[in-house]
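J.: my questions concern the predicted model and sequence given below.
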Amino acid sequence: MKILVVNAGSSSLKYQLFDMDTNAVLAKGLCERIGIDGRYKYTAAGKDEIKGDYTMKTHADAIKLLTMNLTDKDHGVISSMSEIDAVGHRVLTAGDIYSDSVYVTDEVKQVIKDCIPIGPLHNPANLMGIEACAEVIKGVPQVAVFDTGFHGTMPKKAFMYAIPYRYYEEYKVRKYGFHGTSHRYVSGKALEMLGNPDAKVITCHLGNGSSIAAVKGGKCVDTTMGLTPLEGLPMGTRSGNLDPAVLSFIAEHEGKSTTEIVNMLNKESGVLGISGVSSDFRDVETAADEGNERAQLALDMFVYSVKKFIGSYAAAMGGVDAIVFTAGIGENNCKMREDILDGLEFLGIDLDKEKNLKTRTQADVSKPESKTKVLVIPTNEELVIAMDTMEIVKNLK
Ligand code: AMP
């Protein structure tokens, strides 16, 4: 079975084609600047990347280009689009209506539309991706996999905000959590590595966007992101947690609207805002190494925040069997893993510092006697989407 996984953004569309017999990626690509002019990258497995310009007025044009690349006689990997059994879409959120992945129907599309207020940037783009596939790859079954889905098992005490209850009843204002496919994938792998399906694990997805989840026996019980992906840890450009009164304070002092301030909290804050250097942790580390104090402060704040959430989630679960690191920083920044875990020995963590500094692939980087394991697990969100899509499509037949 061949499954196409699509992640549609407002002006971009990423895709991977999977052969589900082997879970291998046959080809992948990125269409950018949709609606502006149009650029693309495409790589067939084992071949060199192809780049170019191609006018893409709409997402349907991007799907047409993807079709041309995948079926091209030189660099294509299939002879016709009819070889594709289904398309799995990454969709930001269906609020609390769907947690599990679903076969896309008109009703599902309406739910995604109704949830635009929760995901104003992503949900409309995700819908465009779905409509574009329906238009270009006619008749192909489509599945929606929700980024909030894995967090649907959080208890109410974890997902409610302590504001008047009517805001939850009238507008569904609550914590939803994001990066669900990543937390699901790495926590599942962690349970396999631990050989214990009931283990308590804390999954740290640390990248440009970062979130942490507390996962007990494979079920999410808490996570750091909230109604939107702004809550929780400080990130590349996002502030993470702060006193909500900061908004009115800045609004009054600078005559800004709440929309402008939330935009600032999303795009000009976090590591970029503190360091004034970059949102990319590598640039910030270089600056810190050169003596830039604000760059060092930004890194210290990030490490401190991750450390505090690990402690609070161990408390929330009544213990922890493993800390899992994933995503750009979690997988590659070995020194930061060490800094985060420094001082957490009281949780039973005994890091093998030498092994940790060499590890960028799946591995247990704690000492054999460590009561709490430290696992590095590269995430694979696309594979989760492909597998869910396959399961749903198989059951349709
Ligand atoms: P992501 O959003 O998962 O792609 O992660 C992006 C973040 O990961 C950036 O802040 C990068 O600095 C960091 N990152 C990515 N690759 C590496 C690497 N090889 N070494 C250190 N940091 C990395």
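T.: Alright, I've got the coordinates. Residues are numbered from 1 along each chain as shown.
J.: every contact and neighbour count from this point should use C-alpha atoms.
T.: OK.
J.: quick check: bridge partners of the residue in the stretch 1-150 of the chain positioned nearest to the ligand?
T.: The stretch 1-150 of the chain approaches the ligand most closely through K14 (13.6 Å), counting by C-alpha to the nearest ligand atom. For K14, the beta-bridge partners under DSSP bridges are N7, L30.
J.: going forward, count from 500.
T.: With the count now opening at 500, the last piece we talked about shows up as K513.
J.: ok, which residues in the protein are in contact with the ligand?
T.: 706-708, 779-781, 826-828, 831-832 (C-alpha under 6 Å from any ligand atom).
J.: pull out the buried residues from these.
T.: 706-708, 779-780, 826-828, 831-832 (16 or more other C-alpha atoms under 10 Å).
J.: export those residues to a markdown table and append columns for pLDDT and secondary structure.
T.: Formatted as a markdown table, those follow (pLDDT from 0 to 100; DSSP: H, G, I helix; E, B strand; the rest coil):
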| residue | pLDDT | secondary structure |
| --- | --- | --- |
| G706 | 96 | coil |
| N707 | 92 | coil |
| G708 | 94 | coil |
| D779 | 96 | coil |
| F780 | 96 | helix |
| A826 | 97 | helix |
| G827 | 96 | helix |
| I828 | 97 | helix |
| N831 | 97 | helix |
| N832 | 97 | coil |
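J.: re earlier: so who does the residue of the stretch 500-649 of the chain closest to the ligand touch?
T.: 505-507, 527-530 (C-alpha atoms under 8 Å, 6 or more residues apart in numbering).
J.: ok, D820 next?
T.: 698-700, 870-872.
J.: which ones among these lie within strands?
T.: 699-700, 872 (DSSP state E).
J.: need those in JSON lines (columns: distance to A543 and neighbour count).
T.: Listed next are those as JSON lines, based on distance: C-alpha to C-alpha, whole Å; neighbours: other C-alpha atoms under 10 Å:
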{"residue": "K699", "distance to A543": "39", "neighbour count": "27"}
{"residue": "V700", "distance to A543": "36", "neighbour count": "34"}
{"residue": "K872", "distance to A543": "37", "neighbour count": "25"}
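J.: just those now: which is nearest the ligand?
T.: Once C-alpha to the nearest ligand atom is applied, the member of these that ends up nearest the ligand is V700, at 19.8 Å.
J.: for the closest one, what are its contacts?
T.: Counting by C-alpha under 8 Å, 6+ apart, the residues that V700 touches are 686, 689, 713-715, 819-823.
J.: which of the residues you listed fall within helices?
T.: 686, 689 (DSSP state H).
J.: neighbours around E630, how many?
T.: Neighbour count for E630, taken as other C-alpha atoms under 10 Å: 14.
J.: with the one 4 residues further on instead?
T.: The tally of other residues near E634 (other C-alpha under 10 Å) stands at 14.
J.: nearest residue to it in space, please, no chain neighbours.
T.: Spatial nearest neighbour of E634, chain neighbours left out: A559 (7.0 Å); criterion: C-alpha to C-alpha, 6 or more residues apart in numbering.
J.: ok but the one you found is inside a helix, no?
T.: Yes - A559 forms part of a helix when assessed by DSSP: H, G, I helix; E, B strand; the rest coil.
J.: so it sits against A631, correct?
T.: Yes - checked against C-alpha atoms under 8 Å, the pair A559 and A631 is within contact range at 4.3 Å.
J.: could you give the number of residues near E606?
T.: For E606, using other C-alpha under 10 Å, the count is 9.
J.: sec struct for it, please.
T.: Classified using three-state DSSP, E606 is helix.
J.: TSV for the contacts of K513, including pLDDT and neighbour count?
T.: Below are the contacts of K513 laid out as TSV (pLDDT from 0 to 100; neighbours: other C-alpha atoms under 10 Å):
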residue	pLDDT	neighbour count
V505	98	28
N506	97	22
A507	96	27
K527	98	22
G528	97	22
L529	97	20
C530	97	28
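J.: make TSV out of the residues you listed and add distance to K755.
T.: Output for those, formatted as TSV (distance: C-alpha to C-alpha, whole Å):
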residue	distance to K755
V505	37
N506	33
A507	31
K527	42
G528	40
L529	36
C530	35
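J.: farthest-separated two in those?
T.: Within the contacts of K513, A507 and K527 form the most distant pair, 13.6 Å apart (C-alpha to C-alpha).
J.: list the contacts for L796?
T.: 773-774.
J.: please, which helix or strand holds it?
T.: helix 792-816 (DSSP states H and E).
J.: likewise D742?
T.: Here D742 is assigned to no helix or strand, by DSSP H and E.
J.: just the one 5 residues further on next, same as before
T.: Taking DSSP H and E as the definition, S747 sits inside helix 744-753.
J.: quick check: angle from the next helix or strand after that helix to helix 744-753?
T.: Note on helix 744-753: by DSSP H and E, the next helix or strand toward the C-terminus is helix 757-766. Angle of helix 757-766 versus helix 744-753, following axes from the mean of the first three to the mean of the last three C-alpha atoms, to 10 degrees, is 120 degrees.
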